[in-house]
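J.: Sequence first, predicted model second:
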Amino acid sequence: MTIFDKISRTLQELGVSDAQGVESLFAELRKAAEHERAELVARGTPQQAQRVGLCKALRDRWLARKGGVLSQVDENWLKPAGKELKPVVGNQFNKLRRFTANLEFEKLVEALPLQQEAAPQMELPLGAAGRAVPWDLTLPGLRRPLGSIHPVTRMQREIEDIFLRLGFWIESGPEIESTYYNFDALNIPESHPSRDDWDTFYIDAKTVLRTHTSPVQIRAMEKYGAPLSIIIPGKCYRHDNPDSTHSPMFHQVEGLAIDEDITFADLKGTLDFFVKMLFGEKVRTRFQPSFFPFTEPSGEVAVSCFVCDGQGCRVCKESGWIELMGCGMVHPQVLRNGGIDPEKYSGWAFGLGVDRFAMVKYDINDMQLFFQGDLRFLEQF
Ligand code: PHE
């Protein structure tokens, strides 16, 4: 009977009833652990990737909570041990625990030699001159597959390019944001019901994962003052369940233009130009009234469906229009909060979802595809 057969029986079944018997059983186990570790090191492994797996297998065999050697010893030897024997078994069990911990199975990854280092032991093929050559140089080489730009990044860059050409520059801000910048400074006081429109991840009472890129409006106003024309691409977070059109992490691009005499006509003109650059000359834009606490007036922008030209199809869900973004004239209080005089300056802002833009533009019906890292999907870009 090997020691591993013995751990599936109780001490009583094994006929062990004194301290000496117990101690010699545990000594056997310690020897086995040390032996298995040494054997793995001696064997080495041909591939880096396998090292981790082999070490983990060894670790699990001994230490896994369910079915590991130690847990079997606990179940079959320690727990059922009689009153007199229990202290000895407990003592030995602790010793075994320390012993296996010191073997540091996890750290073996670094200790395992790659077999390539042991190359001289391999049989070498003989070259034309009868001398041993280490490798067959006529074999085709290993080709590393080229990566490609992620569709969301690609979409973001397309959007950035259009605005960069219009003289905007790119700003960014923190993803872990204070409630002041994410809400208060944007004219969304704590008691305001519209805070609920943003399903927020709170880190503590005063800190959130930003729910939109709009807080960077205020940060940029504080930093640069007016005039200002920037876009702000970045990650945002909302407490949404992932489904085909939602993700708790998503991407926005915010736009902000502040100067003297900026009007809603500038907003319409700029966004109309932007949308035509992105979806083609033929599309038309539609502005509908909406509400955001930080813009007044506020609007929603839709584009005529660039697939069916407004006739109704699968992409526009038979409506002829595709909802694109929220926008509006920056609320005077928001300008003031950013340290800009609303008597002298006015501005417009918009915010759009990059992931949704990418879905529309590349005809993708499930947002989750962006974040699953499936090469069959990503390779198409
Ligand atoms: N921040 C808004 C949102 O996330 C979008 C927006 C930005 C609306 C700027 C108007 C102006 O829903």
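T.: Alright, I've got the coordinates. Residues are numbered from 1 along each chain as shown.
J.: So residue 296 lies in a strand, does it not?
T.: Yes: the assignment for residue 296 (DSSP: H, G, I helix; E, B strand; the rest coil) places it in a strand.
J.: Tell me which residues touch the residue of the stretch 101-250 of the chain at minimum distance from the ligand, please.
T.: Residue nearest to the ligand within the stretch 101-250 of the chain (CB to the nearest ligand atom): residue 212, separated by 3.3 Å. The way it works is simple: take the backbone N, C-alpha and C, and place the C-beta from them, glycine included. By CB atoms under 8 Å, 6 or more residues apart in numbering, residue 212 lies in contact with 182, 198, 236, 252, 254, 351.
J.: If we use 6 Å, what do you get?
T.: 236, 351 (CB atoms under 6 Å, 6 or more residues apart in numbering).
J.: Doesn't it lie inside a helix?
T.: No: assessed with three-state DSSP, residue 212 is coil; it does not lie in a helix.
J.: Need the pLDDT of it.
T.: Residue 212 carries a pLDDT value of 96.
J.: Roughly how far does residue 91 sit from residue 286?
T.: 80 Å (CB to CB, to the nearest Å).
J.: Please write out the alpha-carbon positions of the worst-scoring helix or strand of the chain on mean pLDDT in PDB.
T.: Lowest by mean pLDDT, DSSP states H and E among the helices and strands of the chain is helix 108-111, with a mean of 71. C-alpha atoms of helix 108-111 as PDB (Å, rounded to 0.1, in the frame of the first residue of the first chain):
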ATOM      1  CA  LEU A 108       8.700  26.600  -8.800                       C
ATOM      2  CA  VAL A 109       7.700  28.400 -12.000                       C
ATOM      3  CA  GLU A 110      11.000  30.300 -11.800                       C
ATOM      4  CA  ALA A 111      13.000  27.300 -10.700                       C
END
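J.: For it, report the contacting residues that lie outside it.
T.: The contact list for helix 108-111 (CB under 6 Å, 6+ apart) reads 41, 51, 52, 55.
J.: same check, this time on stretch 78-92
T.: Stretch 78-92 is contacted from outside by 10, 11, 19, 22, 26, 77, 93, using CB under 6 Å, 6+ apart.
J.: what about burial for those, which qualify?
T.: 10, 11, 22, 26, 77, 93 (16 or more other CB atoms under 10 Å).
J.: Format the residues you listed as CSV; extra columns: secondary structure.
T.: As requested, those are exported to CSV (three-state DSSP):
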residue, secondary structure
10, coil
11, helix
22, helix
26, helix
77, helix
93, helix
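J.: can you put those residues in TSV and add distance to the ligand?
T.: Below are these laid out as TSV (distance: CB to the nearest ligand atom, whole Å):
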residue	distance to the ligand
10	64
11	67
22	67
26	63
77	61
93	58
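J.: Quickly name whichever of those residues is closest to residue 147.
T.: For the buried ones among the contacts of stretch 78-92, the residue nearest residue 147 by CB to CB is residue 93; the value is 50.7 Å.
J.: what about the nearest residue to that closest one once chain neighbours are set aside, how many neighbours?
T.: In this structure, residue 93 finds its nearest non-sequential neighbour in residue 78, 5.3 Å apart by CB to CB, 6 or more residues apart in numbering. Summarising burial for residue 78: neighbours were counted as other CB atoms under 10 Å, giving 17.
J.: Distance check, residue 78 against the ligand.
T.: 58 Å (CB to the nearest ligand atom, to the nearest Å).
J.: Which positions in the chain make contact with the ligand?
T.: For the chain, the residues in contact with the ligand (CB under 6 Å from any ligand atom) are 212, 214, 254, 292, 295, 326, 327, 328, 349, 350, 351.
J.: how would you label the third one: helix, strand or coil?
T.: Secondary structure state of residue 254, per three-state DSSP, is strand.
J.: Let me have the residues of the chain next to the ligand in TSV, adding distance to residue 176 as columns.
T.: What follows is those, written out as TSV (distance: CB to CB, whole Å):
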residue	distance to residue 176
212	14
214	15
254	17
292	23
295	25
326	23
327	26
328	26
349	22
350	24
351	19
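J.: Quick one: residues contacting residue 63.
T.: By CB under 6 Å, 6+ apart, residue 63 lies in contact with residue 70.
J.: Go again with 10 Å.
T.: Listed by CB atoms under 10 Å, 6 or more residues apart in numbering, the contact set of residue 63 reads 33, 69, 70, 71, 97, 100, 101, 103, 105, 106.
J.: re earlier: figure out how far the least confident helix or strand of the chain is from the centre of its chain.
T.: 28 Å (CA atoms, centre = their mean, to the nearest Å).
J.: Equivalent analysis for stretch 139-147, please.
T.: Stretch 139-147 has its C-alpha centroid displaced from the chain centroid by 27 Å (CA atoms, centre = their mean).
J.: All the helices of the stretch 201-350 of the chain, residue numbers only.
T.: Listed in chain order, the helices of the stretch 201-350 of the chain (DSSP state H, counting those that start in this stretch) span 215-224, 264-279, 332-337.
J.: Tell me which of these sits nearest to residue 246.
T.: helix 215-224 (21.1 Å).
J.: Tabulate the CA atom coordinates of the closest one in CSV.
T.: Provided in CSV are the C-alpha atoms of helix 215-224 (Å, rounded to 0.1, in the frame of the first residue of the first chain):
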residue,chain,number,x,y,z
PRO,A,215,-16.5,66.3,-15.8
VAL,A,216,-13.5,67.0,-18.0
GLN,A,217,-15.4,70.0,-19.4
ILE,A,218,-15.0,71.7,-16.0
ARG,A,219,-11.4,70.5,-15.5
ALA,A,220,-10.5,71.9,-18.9
MET,A,221,-12.3,75.2,-18.2
GLU,A,222,-10.4,75.6,-14.9
LYS,A,223,-7.1,74.7,-16.6
TYR,A,224,-7.3,76.7,-19.8
